[in-house]
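K.L.:
I need the structure of the sequence given here:
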Amino acid sequence: MSDALVPFGSGIWIADGPVVDFYGFPYSTRMVLIRLQNGDLFVWSPVSLTGPLKNAVDGIGRVAYLVSPNSLHHLSLAEWKASYPHAAICGSRTLAKKRSDLKFDVILNVTQEVPWSAEVEQVEMAGSFALTETVFFHRNSRTALFADLIENFAPDWFSGWRGWVARLDGIVAPQGGAPREWRLTFLRRKEARSALNRILAWQPEKAVVAHGASIRHDATTFIERSFRWLR
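P.N.:
Numbers count the residues shown, from 1 in each chain. Okay, the predicted model is just below:
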């Protein structure tokens, strides 16, 4: 885990969180901080909030939005809300039901107008009966944000049989992507392809991946390759 915010472009930073257990597999975690033009901060997939990380965040702007891209990336929402009670919690209707202990101020893809739409675009990657993810695009830095739709672990991240399973699942660089078991749940592929076409139309130059290596160059090609299973 790193307590530092690392610049990823103009007005955008990343920070690595702790490794978490996901069904017996060690998963690295990563968050994104975007400073909007009015100084408000858009916090995507917030990780554990340490003292040093909070100090770094406070030095950049005012935390305004705590955003969960899917129903899995919610573990640190309550922690951030406690430190920033004025911040709006944003997530899917499914997550709002799952985390009934939290008040969701913005329901992604249900609310017609979102406060960040002029600077951060979003599209819902639907089509799966198991999990839906909202993909975001920061216009200023031309960066797309992926939580679990693209996982891109280093070849030596998993050891033993876990490494074999990860490669079979298609989540190991340079052939990263959505885990095979999630891909199989996309029964409405036309709907998913429509969302993918919108993502590719952004022509992202960079891509942040929550689990594994992010991409700083030629991200559109990387994204196309990562979704080869959907074509």
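K.L.:
how far away is the residue nearest the centre of the chain from residue 136?
P.N.:
Per C-alpha atoms, centre = their mean, the C-alpha nearest to the average position across the chain is that of residue 147, at 3.2 Å. Residue 147 sits 10 Å away from residue 136 when distances are taken as C-beta to C-beta, to the nearest Å. Quick note: C-beta positions are derived from backbone N, CA and C, even for glycine.
K.L.:
before we move on, the earlier item: my read is that the residue nearest to the centre of the chain contacts residue 45, right?
P.N.:
Yes. Counting by C-beta atoms under 8 Å, residue 147 does reach residue 45; the two are 5.8 Å apart.
K.L.:
rewinding a little: list the contacts of the residue nearest to the centre of the chain.
P.N.:
Residue 147 sits next to 45, 69-70, 72-73, 133, 210-211 when contact means C-beta atoms under 8 Å, 6 or more residues apart in numbering.
K.L.:
nearest residue to it other than its sequence neighbours?
P.N.:
Once flanking residues are discounted, residue 147 sits nearest to residue 69: 4.2 Å by C-beta to C-beta, 6 or more residues apart in numbering.
K.L.:
Now the lengthiest helix in the chain: buried residues?
P.N.:
If you go by DSSP state H, the chain has its longest helix at helix 189-201. Neighbour counts over helix 189-201 (16 or more other C-beta atoms under 10 Å) mark 192, 195-196, 198-199 as buried.
K.L.:
Which stretches in the protein count as strands?
P.N.:
Secondary structure of the chain, counting by DSSP state E: strands at 6-9, 12-16, 20-22, 25-27, 30-35, 40-44, 62-67, 88-91, 106-107, 120-125, 133-138, 143-146, 206-209.
K.L.:
Reformat these as CSV; add distance to residue 160, mean pLDDT and mean neighbour count.
P.N.:
Below are the strands of the chain laid out as CSV (distance: least, C-beta to C-beta, whole Å; pLDDT from 0 to 100; neighbours: other C-beta atoms under 10 Å):
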stretch, distance to residue 160, mean pLDDT, mean neighbour count
strand 6-9, 31, 96, 15
strand 12-16, 24, 97, 22
strand 20-22, 16, 91, 12
strand 25-27, 11, 94, 17
strand 30-35, 24, 98, 23
strand 40-44, 32, 98, 23
strand 62-67, 35, 98, 22
strand 88-91, 35, 96, 23
strand 106-107, 41, 94, 16
strand 120-125, 32, 96, 20
strand 133-138, 29, 98, 25
strand 143-146, 27, 98, 29
strand 206-209, 23, 98, 25
